[in-house]
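In: Predicted model follows, preceded by the sequence.
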2 protein chains.
Amino acid sequence: MDTIETHGAGGGTQLVLEHASRETGTTMRFGLFLPPKTRGLLVFLSGLTCTEQNVLTKGHFQAAATACDLAVLCPDTSPRGEGVPDDDGWDFGQGAGFYLDATEEPWSAHFRMRSYLHEELLPAALERTGVDASRVGITGHSMGGHGALVLGLSEPDRYRSVSAFSPIASATRCPWGHKALGGYLGPDAGHWAAQDASLLLAKGYDRDLLVDQGLADGFLEEQLKPELLEEAGHHGLTLRRHPGYDHGYYFVASFLPEHVRWHAERLV
Amino acid sequence: MDTIETHGAGGGTQLVLEHASRETGTTMRFGLFLPPKTRGLLVFLSGLTCTEQNVLTKGHFQAAATACDLAVLCPDTSPRGEGVPDDDGWDFGQGAGFYLDATEEPWSAHFRMRSYLHEELLPAALERTGVDASRVGITGHSMGGHGALVLGLSEPDRYRSVSAFSPIASATRCPWGHKALGGYLGPDAGHWAAQDASLLLAKGYDRDLLVDQGLADGFLEEQLKPELLEEAGHHGLTLRRHPGYDHGYYFVASFLPEHVRWHAERLV
């Protein structure tokens, strides 16, 4: 594991690290924030077009994570580089891995973000931080909010706490999701349901969930559709709608410290 | 005045605005953060190569400014655009205005950042926010820390409170300063002293000053030299040295909320 960047930040140390992944067949870069004392780990999954850099530099979680004794793991959004297939659109291919394992050619060889996260990155981060595997939470933004909900709801033993910012609430019912799921998993929509946060939530979840959404978000009606999470009928869902906030990191940074504290209450 | 961007941020509204400046002869862009209630104004001057965007997206001052009822004004670092002279180096010309009024050709026509700030931008921001002119503080980073100290120390009636991050402590005694002052003001070093924070401080200042400096800052020894501020012998100077912090915005963001509160204690 190579250290690419080291910065003092918010009372701890913000690292950018790089390692060779057998799941993606590429070199993967990620952020790892280490507070002075570590009692839990929060995973932050980023949105379309992002690398690990966006939330590291604009999410401003570091001081809150130090105050709560949480390490924060910030993966990239897809495999990258020469030899990795890509798409002309910004919403598919590199920068848009959707946190799943692709089954369709040419994506299936490298686009294995779920297995990369669960089989390689998360175990490596737990080993590096010394955090107990039962004290892991997950959150994320947009495509990453979708990823946090889908991974968290489908694997409650892996993630004790789950929250999201502006998530794609139902990937089977929006254009971004149709493009991604059709491309990575094939046209048979019967294979898509396991990647839909609202459908997973409707199957039942025995913990609370925190979701924040800005009302000035230009993707709200066509792509995000948080009302579909509400329609899943989960009484533990807190969905907060914030007037004036858009889809960008000004919004994420405004509420991410609060999410860090919310996760810490459930993890440490 | 044109509104370029509007974002909900930290409980208030982050604006990016643009206006025609008679002092610089260009269109100037700047950030203005408006909290729900405004009782004072803090000016943040940015460093070499920055635009207003760096501190807006990475400085994370908004929530603290909301909590303290401070508007925050974030100017650009120079005039820009076609017809504005530039230099091949990143430390002189566009992006490197040093917050002074140039006297040398070809810079003197446009590089009038001090007059732009004091005659145009600050009055416009006070009018827009309704803040009383006696409740203005100034801070900044690197070249902007230099600017905050030089403007604040030389005009105590305009700036009631002054702080800085990693400032160029003595522009007459470092390579960045020699290049900038020589280029903008000419080779006669007798004209440079009014642009030197440490020399101004040695002449006397009757208030306290807060300066933060990272000890992992690669510019510390050759360019910044905070010890020269200490040698000025001002008892009100608090110079904090932070191990592990470098010159970037991870450092600024880690302590800027605290500076916001420090200024608010002196302004409102």
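Out: The structure has been received and is ready for your questions. Keep in mind it's a predicted model, so treat the numbers as computed, not measured. Residues are numbered from 1 along each chain as shown, chains lettered A, B, ... in the order given.

In: What parts of the stretch 51-200 of chain A come near chain B?
Out: A:T57, A:K58, A:H60, A:Q62, A:A63 (Cβ under 8 Å from any Cβ of the partner chain). (Glycine included, C-beta is placed from N, CA and C.)

In: Adding neighbour count and pLDDT as columns, could you present those residues in JSON lines?
Out: Formatted as JSON lines, those follow (neighbours: other Cβ atoms under 10 Å in any protein chain shown; pLDDT from 0 to 100):
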{"residue": "A:T57", "neighbour count": "21", "pLDDT": "98"}
{"residue": "A:K58", "neighbour count": "20", "pLDDT": "98"}
{"residue": "A:H60", "neighbour count": "29", "pLDDT": "97"}
{"residue": "A:Q62", "neighbour count": "28", "pLDDT": "98"}
{"residue": "A:A63", "neighbour count": "21", "pLDDT": "98"}
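
In: Can you tell me which of those residues comes closest to chain B?
Out: Checking those against chain B with Cβ to the nearest Cβ, the nearest one is A:H60 at 4.2 Å.

In: I figured A:F255 hits A:D212, correct?
Out: Yes: A:F255 is within contact range of A:D212, at 4.9 Å (criterion: Cβ atoms under 8 Å).

In: Throw the residues of the stretch 51-200 of chain A next to chain B into a markdown table and include secondary structure and distance to B:R114, thanks.
Out: Converted to a markdown table, those look like this (DSSP: H, G, I helix; E, B strand; the rest coil; distance: Cβ to Cβ, whole Å):
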| residue | secondary structure | distance to B:R114 |
| --- | --- | --- |
| A:T57 | helix | 30 |
| A:K58 | helix | 31 |
| A:H60 | coil | 31 |
| A:Q62 | helix | 35 |
| A:A63 | helix | 34 |
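
In: which residue ranges form the strands in the stretch 51-200 of chain A?
Out: Here the stretch 51-200 of chain A has its strands, by DSSP state E, counting those that start in this stretch, at A:70-75, A:136-140, A:161-165.

In: Pick out the residue closest to the middle of chain A.
Out: The centroid of chain A falls nearest to A:L45 when counting by Cα atoms, centre = their mean (2.1 Å).

In: If it is in a bridge, with which residues?
Out: Under DSSP bridges, the beta-bridge partners of A:L45 are A:G140.

In: closest point of the stretch 1-150 of chain A to chain B, which residue?
Out: Per Cβ to the nearest Cβ, A:G8 is where the stretch 1-150 of chain A lies closest to chain B, at 3.5 Å.

In: and the gap between A:L229 and A:A264?
Out: Using Cβ to Cβ, to the nearest Å, we find A:L229 at a distance of 23 Å from A:A264.

In: And these two? Which one has more around it.
Out: Neighbour count, other Cβ atoms under 10 Å in any protein chain shown: between A:L229 and A:A264, A:L229 has more, with 24 against 21.

In: what are the phi and psi values for the more buried one?
Out: Backbone geometry at A:L229, expressed as degrees, to the nearest 10, gives phi -70, psi -40.

In: was I right about it contacting A:V211?
Out: Yes: the pair A:L229 / A:V211 is scored as a contact, 6.4 Å apart, by Cβ under 8 Å.

In: Need the overlap of contacts for those two.
Out: A:L149, A:P167, A:L237, A:L239 (Cβ atoms under 8 Å, 6 or more residues apart in numbering or on different chains).

In: just the residues you listed now: which is nearest chain B?
Out: Each of the shared contacts of A:L229 and A:V211 was scored against chain B by Cβ to the nearest Cβ, and A:L239 proved nearest at 17.1 Å.

In: With adjacent residues omitted, what lies nearest to the closest one?
Out: Residue nearest to A:L239 in three dimensions, not counting chain neighbours: A:V211, with 4.7 Å by Cβ to Cβ, 6 or more residues apart in numbering or on different chains.

In: all helices of the stretch 151-268 of chain A, in order?
Out: Secondary structure of the stretch 151-268 of chain A (DSSP state H, counting those that start in this stretch): helices located at A:175-185, A:197-202, A:227-231, A:249-267.

In: Could you export those helices as JSON lines, including distance to B:G40 and mean pLDDT?
Out: Output for the helices of the stretch 151-268 of chain A, formatted as JSON lines (distance: least, Cβ to Cβ, whole Å; pLDDT from 0 to 100):
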{"stretch": "helix A:175-185", "distance to B:G40": "43", "mean pLDDT": "98"}
{"stretch": "helix A:197-202", "distance to B:G40": "43", "mean pLDDT": "98"}
{"stretch": "helix A:227-231", "distance to B:G40": "41", "mean pLDDT": "98"}
{"stretch": "helix A:249-267", "distance to B:G40": "21", "mean pLDDT": "98"}
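
In: just to revisit the earlier point, for the residue of the stretch 1-150 of chain A closest to chain B, name its beta-bridge partners.
Out: Under the criterion used (DSSP bridges), A:G8 bridges to A:T13.

In: which residues touch it?
Out: By Cβ under 8 Å, 6+ apart, the neighbours of A:G8 are A:Q14, B:G214, B:A216, B:H242, B:P243, B:G244, B:Y245, B:D246, B:Y250, B:F251, B:S254.

In: Could you list the low-pLDDT ranges of chain A?
Out: The model of chain A has no residue with pLDDT under 70.

In: and A:G137, how many neighbours?
Out: Residues lying near A:G137 (other Cβ under 10 Å) number 26.

In: Do I have it right that it meets A:V162?
Out: Yes: between A:G137 and A:V162 there is a contact under Cβ under 8 Å: 6.9 Å.

In: returning to that earlier point: restricted to buried residues, select the shared contacts of A:L229 and A:V211 in PyMOL.
Out: Remark: buried members of those, expressed as a PyMOL selection using 16 or more other Cβ atoms under 10 Å in any protein chain shown:
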select buried, chain A and resi 149+167+237+239
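
In: For A:A125, which non-adjacent residue is closest in space?
Out: In space, A:A125 is closest to A:L73, 4.7 Å off (Cβ to Cβ, 6+ apart).

In: thought A:V72 was touching A:L45?
Out: No: between A:V72 and A:L45 there is no contact under Cβ under 8 Å: 11.5 Å.

In: Mutual contacts of these two, please.
Out: Joint contacts of A:V72 and A:L45 (Cβ under 8 Å, 6+ apart) do not exist.

In: bridging residues for A:V211?
Out: A:A164, A:L239.

In: Please determine how far it is located from chain B.
Out: Distance, A:V211 to chain B, using Cβ to the nearest Cβ, to the nearest Å: 17 Å.

In: roughly how far apart are that residue and B:D196?
Out: 53 Å.

In: hmm, back to that, mind checking which of the contacts of A:G8 are buried?
Out: Buried members of the contacts of A:G8, scored by 16+ other Cβ under 10 Å, are A:Q14, B:G214, B:H242, B:G244, B:Y245, B:D246, B:Y250, B:F251, B:S254.

In: Look up how far A:Q14 lies from A:H60.
Out: 11 Å.

In: for the nearest residue to A:R22 once chain neighbours are set aside, what are its contacts?
Out: Nearest residue to A:R22 in three dimensions, chain neighbours excluded: A:E120, at 7.1 Å (Cβ to Cβ, 6+ apart). Counting by Cβ under 8 Å, 6+ apart, A:E120 makes contact with A:H19, A:S21, A:R22, A:E23.

In: Please convert those residues to JSON lines, extending it with neighbour count and secondary structure.
Out: Below are the contacts of A:E120 laid out as JSON lines (neighbours: other Cβ atoms under 10 Å in any protein chain shown; DSSP: H, G, I helix; E, B strand; the rest coil):
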{"residue": "A:H19", "neighbour count": "13", "secondary structure": "strand"}
{"residue": "A:S21", "neighbour count": "20", "secondary structure": "coil"}
{"residue": "A:R22", "neighbour count": "11", "secondary structure": "coil"}
{"residue": "A:E23", "neighbour count": "20", "secondary structure": "coil"}
